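Participant: Need coordinates for the below:
(chains A and B)
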Amino acid sequence: MTNLPTKITSFYVSAFRRSVATPTGRRLWLVLLLKVTILLVLFKILFFPNRLAQYSTDGERAEAVRTALTAPTSKHKP
Amino acid sequence: MTDIISTVDWSRWQFALTACYHWLFVPLTLGLSVIVAVMESIYLKKGRPDKWLKLTKFWMSLFAINFVCGIATGIILEFEFGTNWSNYSWFVGDIFGAPLAIEGLFAFFLEATFVVVMLFGWKRVSPGFHLTATWLTAIGTSLSALWILVANAWMQYPVGMESNPDTMRNEMSDFWAVALSPVAMNKFFHTVMSGWALSGCFVLGVSGWLAAFGKRCDMAVPSMKVGGWVGLVGIILTMAAGHGSILQVSKSQPMKFASLEGVWKGSTNAELTAFGLVNPAKKLNNTENPFIFKVGAPGVLSWATRGSSDAFIPGIEDIIAGRDIIDGKEVNTVSYAERILRGKLALQALADYGETHSDEALQTLRENYEFFGYGYYDNPAELIPPVGMTYYAYHIMVAGGMYMLLILAGGLLLAYYRPDTINKKWWAAAAMLALVVSWIVSQSGWVCAEVGRQPWVIQNLMPTRAAISAVSPEGVKTTFWAFAVVFTTLLAAEISIMINKIRQVARK
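Facilitator: Numbering: from 1, shown residues only, chains lettered A, B, ... in the order given. As a prediction, this is how the structure comes out:
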């Protein structure tokens, strides 16, 4: 007798197979993969590295944000 | 400085573009999931007739196309917070991140799990379990929207938090104040119900085409009944929640409210303008007329907002001067000149605290923190949102909403009492126009909400220009155009797949 986790896994695997069995399904998967690849992976790596990740501690990140928000401080003097 | 402005502007355009494209898909997911669930419920209740199974599967297939095409755009928005808006993400990420995390962990998980059962579970699970999965998908989409809207509402009405100048973070002190704020609740019902209304118009538009050009009245009439009812309930509740929302805006974001209504100078017996042409020459404290022409109803804005036609409605100039009249008595609110002064004190105190960690700096920061963001400005005129864009977006939303109400009510009447007329081309044209109008209305609503709150990314605390990361303007420009091309191509692909699906049904 097949147990529940195997049944669930088999259901989702079979759903995936059925989703790519039709031309519409394949086109939708293509749209999805293109979007994920181009927009998420490529652009994030090429254009937008995480600026705060260059600092090793949260304290340094906090100081970087403090500097960004308050500098030049003279500009904000009342 | 030019670079900073350029980076801010291009980043705003990029975020707006992504959000607008994302919002093309989301409202249809919100409403069509409910329409499909209602259809499947009818199918089971009527003893599983083939007609209702086909109908359910047809609209479910359109739901699936929309769901898949919209699925990753929301994640791109979350990425942009970290990449383009890293100061913002650090400054308020502890608060803003919580609802987004709940959305990802629970609501989207619920939606994504059961949407597979809904789409591929026919004959694999029992009919009752399948129906449950369909309803859970619909509930999951609304729960997703709830947490996103809670996050957005917090930016418009920041409550339940304390600032921590040591970590440079604002930290959540009261989760329920954030989750159940009146802005969040109004925004949630207004937005989700607008998704129902839009989807009702979508069903009516597609049904109109099916009846007039595909000769499929057998499908169109029952679809119009279900879509019409969901849409009609949706548009009525959207209007009710919209009124609640605008009342809340008048209290918590009076500058946005004055811009939406185009009110520069406050008055009693204030006029509600039905439509008008905004005068672009009108600036703060000049004598130009705010409108080139307008048609309005005197007293209605006072009555609708403060319960009496004699009530005073402050305009942009009054808000900046710190003047209001409540119950006939003049009330001094905090003028923008004072806010700017106190904002600069807070900013300087934050910088000083970073160097000295003194109690004095901390106290000055705490005393003036509610106006922290005003410290970035020197001139109150910079704190006025773009009045023309806000005003037009608001009035387009209201006028378009009226048209949707008319078509949804009319579509229901035709479906019940004159089903022989729904294959007429005039009806198909009117219903398909409603389909287009509903998306324009939906986008206009977000323009009101987001442009109307400028220059703030977090009301009174953080202006948009302070939230930006140190990214190059060239990178943002390049990605803006690349996003525009990719999004448009994908949108064209979605529309083409949907049209093919609809034509297939018409051919059968």
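Participant: The strand or helix carrying B:Asp218: which residues count as buried?
Facilitator: Per DSSP states H and E: B:Asp218 is located in helix B:217-252. For helix B:217-252, burial by neighbour count (16 or more other CB atoms under 10 Å in any protein chain shown) applies to B:217, B:219-239, B:241-242, B:244-250, B:252. Where C-beta positions appear, they are placed from N, C-alpha and C, glycine not excepted.
Participant: In terms of secondary structure, what does that helix contact?
Facilitator: helix B:2-45, helix B:50-70, helix B:182-212, helix B:254-261, helix B:300-306, helix B:387-417 (3 or more CB pairs under 8 Å, 6 or more residues apart in numbering or on different chains; DSSP states H and E).
Participant: Any idea which of the ones you listed gets closest to chain A?
Facilitator: helix B:50-70 (4.5 Å; CB to the nearest CB).
Participant: does any part of the closest one sit near chain A?
Facilitator: Yes - under the criterion of CB under 8 Å from any CB of the partner chain, chain A is reached by helix B:50-70 at B:61, B:64-65, B:68-69.
Participant: Convert the C-alpha atoms of that helix to CSV, please.
Facilitator: Taking Å, rounded to 0.1, in the frame of the first residue of the first chain, the C-alpha atoms of helix B:50-70 are listed here in CSV:
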residue,chain,number,x,y,z
ASP,B,50,-21.8,18.4,-18.0
LYS,B,51,-22.6,22.0,-18.9
TRP,B,52,-21.4,23.4,-15.6
LEU,B,53,-18.3,21.2,-15.6
LYS,B,54,-17.3,22.6,-19.0
LEU,B,55,-18.0,26.1,-17.9
THR,B,56,-16.0,25.7,-14.7
LYS,B,57,-13.1,24.1,-16.7
PHE,B,58,-13.1,26.9,-19.3
TRP,B,59,-12.9,29.7,-16.8
MET,B,60,-10.4,27.7,-14.8
SER,B,61,-8.1,27.4,-17.8
LEU,B,62,-8.2,31.2,-18.2
PHE,B,63,-7.5,31.6,-14.5
ALA,B,64,-4.5,29.2,-14.9
ILE,B,65,-3.0,31.2,-17.8
ASN,B,66,-3.3,34.4,-15.9
PHE,B,67,-1.9,32.8,-12.7
VAL,B,68,1.2,31.5,-14.4
CYS,B,69,1.9,34.6,-16.4
GLY,B,70,1.6,36.8,-13.2
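Participant: now for that helix, which elements pack on it?
Facilitator: helix A:23-35, helix B:2-45, helix B:108-120, helix B:217-252, helix B:473-507.
Participant: what bits of the chain have low per-residue confidence?
Facilitator: Using chain A here. Scanning chain A for pLDDT under 70 picks out A:1-2, A:39-51, A:72-78.
Participant: I was after chain B.
Facilitator: B:1-5, B:508.
Participant: Where does the residue lying closest to B:Ile396 once chain neighbours are set aside sit: helix, strand or coil?
Facilitator: The shortest distance from B:Ile396 to any non-neighbouring residue, by CB to CB, 6 or more residues apart in numbering or on different chains, is to B:Ser444 (4.6 Å). Here B:Ser444 is helix, with the state taken from DSSP: H, G, I helix; E, B strand; the rest coil.
Participant: Over to the one 10 residues further on?
Facilitator: With three-state DSSP as the basis, the three-state label of B:Gln454 is coil.
Participant: what's near enough to touch the nearest residue to it once chain neighbours are set aside?
Facilitator: Leaving aside its chain neighbours, B:Gln454 sits nearest to B:Pro385 (4.4 Å; criterion: CB to CB, 6+ apart). Residues in contact with B:Pro385 (CB atoms under 8 Å, 6 or more residues apart in numbering or on different chains) are B:255-256, B:259, B:451-455.
Participant: Isn't B:Ser472 up against B:Ser11?
Facilitator: No - at 10.9 Å, B:Ser472 does not count as touching B:Ser11 under the criterion of CB atoms under 8 Å.
Participant: what's the burial count for residue 60?
Facilitator: Using chain A here. By other CB atoms under 10 Å in any protein chain shown, 12 other residues sit near A:Glu60.
Participant: Oops, wrong one, chain B.
Facilitator: Neighbours around B:Met60, by other CB under 10 Å: 23.
Participant: Make sure it is actually in contact with B:Val117.
Facilitator: No - between B:Met60 and B:Val117 there is no contact under CB under 8 Å: 11.9 Å.
Participant: What's the separation between B:Ala449 and B:Trp456?
Facilitator: Distance, B:Ala449 to B:Trp456, by CB to CB, to the nearest Å: 12 Å.
Participant: what about the helices in the stretch 301-450 of chain B?
Facilitator: Ranges of helices within the stretch 301-450 of chain B are B:316-321, B:336-356, B:359-368, B:387-417, B:425-451, based on DSSP state H, counting those that start in this stretch.
Participant: who's in contact with the third one?
Facilitator: Read it as helix B:359-368. Contacts for helix B:359-368 (CB under 8 Å, 6+ apart): B:163, B:165, B:342-343, B:345-346, B:348-350, B:352-353.
Participant: re earlier: between the helix holding B:Asp218 and helix B:182-212, how big is the angle?
Facilitator: Using axes from the mean of the first three to the mean of the last three CA atoms, to 10 degrees, the direction of helix B:217-252 lies 160 degrees away from that of helix B:182-212.
Participant: Just give me the neighbour total for the nearest residue to B:Val505 once chain neighbours are set aside.
Facilitator: Closest residue to B:Val505 apart from its sequence neighbours, by CB to CB, 6+ apart: B:Phe58 at 5.7 Å. Using other CB under 10 Å, B:Phe58 has 22 neighbouring residues.
Participant: At the geometric centre of chain B, which residue sits there?
Facilitator: Using CA atoms, centre = their mean, the residue of chain B that lies closest to the mean C-alpha position is B:Trp446, 3.9 Å off.
Participant: Is the biggest helix by length in chain A in proximity to chain B?
Facilitator: Longest helix of chain A, by residue count under DSSP state H: helix A:4-19. Yes - using CB under 8 Å from any CB, helix A:4-19 reaches chain B at A:11-12, A:14-15, A:18-19.
Participant: returning to what we had before: out of the helices and strands packed on helix B:50-70, which comes closest to B:Lys54?
Facilitator: Closest approach to B:Lys54 among the helices and strands packed on helix B:50-70 (CB to CB): helix B:217-252, 7.6 Å.
Participant: re the thing from before, looking at B:Ser472 and B:Ser11, which one has more neighbours?
Facilitator: More crowded of B:Ser472 and B:Ser11, by other CB under 10 Å: B:Ser11, with 26 against 14.
Participant: where's the more buried one relative to B:Thr18, distance?
Facilitator: From B:Ser11 to B:Thr18 the distance is 11 Å (CB to CB).
Participant: Point me to the residue of the stretch 351-500 of chain B nearest chain A.
Facilitator: Counting by CB to the nearest CB, the stretch 351-500 of chain B gets nearest chain A through B:Ala351, at 3.9 Å.
Participant: how many other residues sit next to that residue?
Facilitator: 22.
Participant: hang on, the earlier thing: touching, the residue nearest to B:Ile396 and B:Tyr391? I think so.
Facilitator: No - using CB under 8 Å, B:Ser444 is not in contact with B:Tyr391; the gap is 11.1 Å.
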